[in-house]
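Engineer: output the structure for:
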Amino acid sequence: MNSVWARSGIPSPITSSPAPAPSKPPPLLFVPWIFSRLPRHRNSIEVLDQMRSDQLKLRNALVAGKENNGVIGVNAGRELKRLPASVHWAGLENWGIRLFPGSIDSYAASLPSWPKETSRDHDEDDYGANRSGSALWHPQLPAAPKGLFENASFALKDEEAEFIVDRLNASNPDSLLTFLARKGGNARAGYIWAHPHVSEFPARMRRLVEHASIFSEAMYGAALQYNLQLSQLRDKDDWVENYKSEIEKWQQDLDLARLKHWSLEDFWDEIRHPAHRVLEPARRFVIDWTELLKTSGGLKRDKAKGQALVKERERRLKKGQSRFTNQAALGRWKGSSGAYRLQFRWSQASRHLQDLARG
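Structural biologist: Coordinates of the predicted model:
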């Protein structure tokens with residue numbers, strides 16, 4: 001995340017939900033497939049060991065299935081620290097797939113005493129009842145494919161894609177990701193605000209996407225300025241020239257008229273959410289930075305103030321580890337830190353949509 005606004009708490013306009021969208025739809029199914037077949041007669045230590053062993057088996061099966069990207073632990077192997085289940089656990093609940101309310105450890109501890117689910121069919125009305133009843137996973141979860149631990153693939157079958165879209169509809173009906181999944185489109189765009197069907201988005205989503213576009217454009221300048229200043233401290237002439245060139249291009253592209261009409265009050269209102277909290281230093285930086293852009297023609301004037309804002313933001317975030325004051329930290333810097341336009345997880349979301357469309 002961009003160093004000059006990290007830990008700001010500013011949410012994504014794509015999901016508009018308290019839990020982040022998992023990185024790829026198929027692991028949403030791999031985890032419950034693995035966990036639902038765990039033995040119930042063992043103690044929690046044995047269950048946790050089995051969880052780890054099965055996730056490593058799945059890693060090997062995905063490698064055997066020629067999945068070259070997105071496989072957690074593909075290089076670490078048995079030394080893997082963070083397993084896929086821990087990565088996707090929150091998202092599984094957020095998307096209405098996991099009904100068990102606790103942590104992975106509590107899942108393992110509860111499993112031996114958890115009542116077995118009935119085998120009858122469930123309709124949508126049963127979903128709420130089972131959420132507080134005996135179900136650990138959504139009752140309409142598709143069956144695991146045969147040979148799961150031998151040869152696995154990220155490709156979604158029709159039934160699996162339909163299940164995920166249904167879960168999105170039920171758990172996050174007002175998110176833009178759900179809207180686009182319902183439409184079944186597979187449009188390509190570098191940023192969500194460049195989507196070819198942006199005019200069809202629901203009104204609130206259009207407003208949020210517009211806010212995201214302006215915020216991304218403004219903060220990109222701060223990121224470039226941060227990298228330029230560090231490059232100058234490192235006396236790297238080629239880096240300096242590169243960032244000066246990038247800043248010049250950013251200034252040419254910056255829509256100052258749109259920025260001057262942008263209401264920060266509306267922006268803060270739109271992103272307010274009980275699960276998100278924008279910290280006051282981040283809010284202050286955004287206010288001061290955007291005001292400077294308006295009055296200085298996009299940093300064409302009063303560059304010293306822009307440099308001071310960026311330097312102070314780094315000091316507040318990292319304190320004694322600030323690269324502006326800590327020579328060891330500056331020496332470890334490799335020449336680029338967050339030097340890109342924020343896209344608010346659109347790359348992940350667009351992969352979700354492409355996978356679902358293919359399914």
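Engineer: tell me the domain ranges of the chain?
Structural biologist: Partitioning the chain according to automatic domain parsing yields domains covering residues 1-16+174-359, 25-171.
Engineer: any regions of the protein where pLDDT drops low?
Structural biologist: The chain contains residues with pLDDT under 70 at 1-27, 68-80, 116-134, 185-186, 359.
Engineer: at 50 instead, please
Structural biologist: Regions of the chain meeting the criterion pLDDT under 50 cover residues 1-9, 15-24, 118-133.
Engineer: quick check: longest helix of it.
Structural biologist: Across the chain, the longest stretch assigned as helix under DSSP state H is helix 203-233.
Engineer: counting contacts, what elements does that helix pack onto?
Structural biologist: Counting contacts by 3 or more CB pairs under 8 Å, 6 or more residues apart in numbering; DSSP states H and E, helix 203-233 is packed against helix 176-183, helix 237-253, helix 256-260, helix 264-271, helix 280-296, helix 303-318. For the C-beta atoms, the positions are set from N, CA and C on the backbone; glycine is no exception.
Engineer: give the buried residues for stretch 219-237.
Structural biologist: 219-231, 234 (16 or more other CB atoms under 10 Å).
Engineer: what of stretch 275-294?
Structural biologist: Buried residues in stretch 275-294, counted by 16+ other CB under 10 Å: 278, 282, 285, 286, 288, 289, 290, 292, 293.
Engineer: just the closest of the residues you listed to residue 135, please.
Structural biologist: Of all the buried residues of stretch 275-294, the one sitting nearest residue 135 is residue 278; the distance, using CB to CB, is 36.3 Å.
Engineer: my read: that closest one touches residue 268, true?
Structural biologist: Yes - applying CB atoms under 8 Å as the test, residue 278 and residue 268 come out as touching, 7.2 Å apart.
Engineer: with adjacent residues omitted, what lies nearest to residue 193?
Structural biologist: Nearest residue to residue 193 in three dimensions, chain neighbours excluded: residue 213, at 3.9 Å (CB to CB, 6 or more residues apart in numbering).
Engineer: over to residue 233?
Structural biologist: The shortest distance from residue 233 to any non-neighbouring residue, by CB to CB, 6+ apart, is to residue 330 (6.0 Å).
Engineer: what's near enough to touch that neighbour?
Structural biologist: 230, 233, 234, 323, 324 (CB atoms under 8 Å, 6 or more residues apart in numbering).
Engineer: work out for me the element it sits within.
Structural biologist: helix 327-332 (DSSP states H and E).
Engineer: where along the stretch 1-150 of the chain do the strands fall?
Structural biologist: When assigned using DSSP state E, counting those that start in this stretch, the stretch 1-150 of the chain turns out to have no strands.
Engineer: how many residues are close by residue 203?
Structural biologist: Here the number of neighbours of residue 203 (other CB atoms under 10 Å) works out to 7.
Engineer: distance check, it against residue 260.
Structural biologist: Distance from residue 203 to residue 260, counting by CB to CB, to the nearest Å: 23 Å.
Engineer: next: residue 326.
Structural biologist: Here the criterion is CB to CB. By it, residue 326 lies 37 Å from residue 260.
Engineer: what does residue 204 give?
Structural biologist: 23 Å.
Engineer: could you do residue 193 as well?
Structural biologist: As defined by CB to CB, residue 193 lies at a distance of 19 Å from residue 260.
Engineer: neighbour count winner among those two?
Structural biologist: When residue 193 is set against residue 260 and neighbours are counted by other CB under 10 Å, the residue ahead is residue 193, at 21 against 11.
Engineer: so that one touches residue 210, yeah?
Structural biologist: Yes - counting by CB under 8 Å, a contact exists between residue 193 and residue 210, whose distance comes to 7.0 Å.
Engineer: tally up the residues packed near the nearest residue to residue 41 once chain neighbours are set aside, please.
Structural biologist: Spatial nearest neighbour of residue 41, excluding adjacent residues (CB to CB, 6+ apart): residue 112 at 6.5 Å. Around residue 112 there are 14 other residues, counting by other CB under 10 Å.
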